[in-house]
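> Task: produce atomic coordinates for the following.
(one chain, ligands or ions: 1)
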Amino acid sequence: MDKIEHIGIAVKNLEDSNALFAQLLGTSHYKTEEVASEGVRTSFFKSGPNKVELLEATNEESPIAKFLEKKGEGIHHIAFAVDDIKAEILRLREEGFIVLNETPKKGADNKLVAFLHPKGTNGVLVELCQEIKVE
Ligand code: ZN
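Numbers count the residues shown, from 1 in each chain. Coordinates of the predicted model:
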């Protein structure tokens, strides 16, 4: 795995949190993106070589809605950049980690993503993400 690509933070209201994180980081978010399949609206901030992703639920079935209900606002996941997500999924499964989606799916910010179950990673939801390259 490469660097930490971003940290995902679950928020109740994306507009309020965009304003808050703009104050905190001293820079505005540079994009907002809805991922309908996941029931989330996201925004991204740059923080040096890393990013902060804010996630708001767009419906009650959204994993973010469930997370907010259970735990409230806060850190939702840590995403690591990988060069070859399929190879990483195989490697991690081999190591005994629980991969939640064995087929990478299209996430926000032009990424293919896969998640590891927090049960196998000390309670941390881990996202693997690979930049989608235009061939
Ligand atoms: Zn993420």
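> Which of the three states applies to the residue in the chain that the ion sits nearest to?
Residue nearest to the ion within the chain: Gly8 (4.0 Å; C-beta to the ion). In this view, the C-beta of every residue, glycine as well, is placed from N, C-alpha and C. Classification of Gly8 by DSSP: H, G, I helix; E, B strand; the rest coil places it in strand.
> the strands in this structure, which residues?
For the chain, applying DSSP state E gives strands covering 4-10, 31-35, 40-47, 50-57, 74-81, 105-107, 111-116, 126-131.
> For the helix ranked longest in the chain, the averaged confidence score.
In the chain, taking DSSP state H as the definition, the longest helix is helix 14-25. Per-residue pLDDT over helix 14-25 has a mean of 98.
> swap in stretch 92-104?
Rounded mean pLDDT across stretch 92-104 is 95.
> Quote the end-to-end distance of that stretch.
End-to-end distance for stretch 92-104, by C-alpha to C-alpha, to the nearest Å: 14 Å.
> hmm, who's touching that stretch?
For stretch 92-104, contacts defined as C-beta atoms under 8 Å, 6 or more residues apart in numbering pick out 85-86, 89, 112-117, 119-121, 128, 130.
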